[in-house]
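can't give you the sequence, but here's the structure:
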């Protein structure tokens, strides 16, 4: 049963923030983001990670999935002792010098969370549950876990099977938050609070909520693909290759960013996006690459591959419709900018979730990049189709609750 404690006002000036959620749901990433955000506001925060204590005490022995089985009495005893030690460390640090102690672990059972509330009675305990069931992200995040040092002696398939087995044991005991005194439930992909029992009176709670729901982009490079054969011919859509000039633009972009660290590069599934990204990736053996259909150019339907002049002559009603409302008008059997917005937002959320605080490049298309920019610029809908997205310039975006930078740079 959860402990309900009434705290004196003086005790509200410190806080335990306890992460909750299955593995690969973004808990540690969000914990780091909150820690950095609170530090920027002048609050002293620190992360106490159960996994770090486990690896320190047990090493590779605790990598085996059976260690996490609810039926493994010895494994359960060790995990409970690790939790207890980390709680002691957090309490000592908080009472000595800190403002917010962040406890990073799965904490998926009500029994574990009740134990934490019974143990930490000196200051409020806020549970922050991370949920994320996006299949693309889960697959990518789980595969990233297989690259951790503790799996150094495993093949990728062995590491994957081991980590999936570990998740299965946690799923068997998983119980969502809801009976604790203070809690937040967050969709980590969409940066959205799903439900909460607020920790009213805590000076840190408003800051934590802002950090949770904010776009958080340390360094995003947003480029359009280089010139294509269709661009020269005035045709729309399709899957054309780059021209000689387009390949030169791709090389120029790579040269311009040669000293810039890029941990992730995202493309569409189209040839022109891949060809533009290829020079950027040359020699960057550690850079991770993913192609998302969400970043494919706006679908022109019956007008795919047609010239604008041809559309004006043979389909004047299409030209008239687009001229009247370019944002909402959809090509026959195609897409409008309004229809594009939701899939582009989903792709961007996936990309930023995977990249975390690492520098990322997105090689997109004209309409795609316009929609992405509008998400940061809060642009009026009717103006979005007219945002300038040149093929010899890129946008650099850095966005946190305290800093908002969007600049267009020539290369």
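Noted; the coordinates are in hand. Since this is a predicted model, take the numbers as computed values, not measurements.

quick check, central residue of the protein?
residue 353 (1.1 Å; C-alpha atoms, centre = their mean).

could you find the closest non-adjacent residue to that residue?
residue 189 (5.2 Å; C-beta to C-beta, 6 or more residues apart in numbering). (C-beta placed from N, C-alpha, C; glycine too.)

for the stretch 1-150 of the chain, which segments count as helices?
27-40, 50-58, 73-96, 110-119, 135-145 (DSSP state H, counting those that start in this stretch).

of all these, which lies closest to residue 216?
Smallest distance to residue 216 across those (C-beta to C-beta): 5.8 Å, for helix 27-40.

list the buried residues of the closest one.
Neighbour-count burial for helix 27-40, counted by 16 or more other C-beta atoms under 10 Å, picks out 27-31, 33-35, 37-38.

over to stretch 229-249?
Buried, per 16+ other C-beta under 10 Å, within stretch 229-249: 230-231, 235-240, 242-243, 246-247, 249.

turn the buried residues of helix 27-40 into CSV, columns for distance to residue 197 and pLDDT.
Listed next are the buried residues of helix 27-40 as CSV, based on distance: C-beta to C-beta, whole Å; pLDDT from 0 to 100:
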residue, distance to residue 197, pLDDT
27, 19, 95
28, 23, 94
29, 23, 92
30, 18, 96
31, 20, 97
33, 22, 93
34, 18, 96
35, 22, 96
37, 22, 93
38, 21, 95
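
about what we covered before: how about the contacts made by the residue nearest to residue 353?
Neighbour list for residue 189: 26, 132, 134, 137, 349-350, 353 [criterion: C-beta atoms under 8 Å, 6 or more residues apart in numbering].

next: residue 290.
140, 264-267, 351, 354.

mind running it again at 6 Å?
residue 266 (C-beta atoms under 6 Å, 6 or more residues apart in numbering).

which residues are contacting stretch 253-263?
Stretch 253-263 has contacts (C-beta under 6 Å, 6+ apart) with 279-280, 287, 358-359, 361, 411.

can you confirm the residue nearest to residue 353 is in a helix?
No. According to DSSP: H, G, I helix; E, B strand; the rest coil, residue 189 belongs to no helix; its state is coil.

now residue 212: closest residue in space that isn't a chain neighbour?
Residue 212's closest residue in space is residue 186 (C-beta to C-beta, 6+ apart), at 5.4 Å.

should've said residue 319
Leaving aside its chain neighbours, residue 319 sits nearest to residue 312 (4.9 Å; criterion: C-beta to C-beta, 6+ apart).
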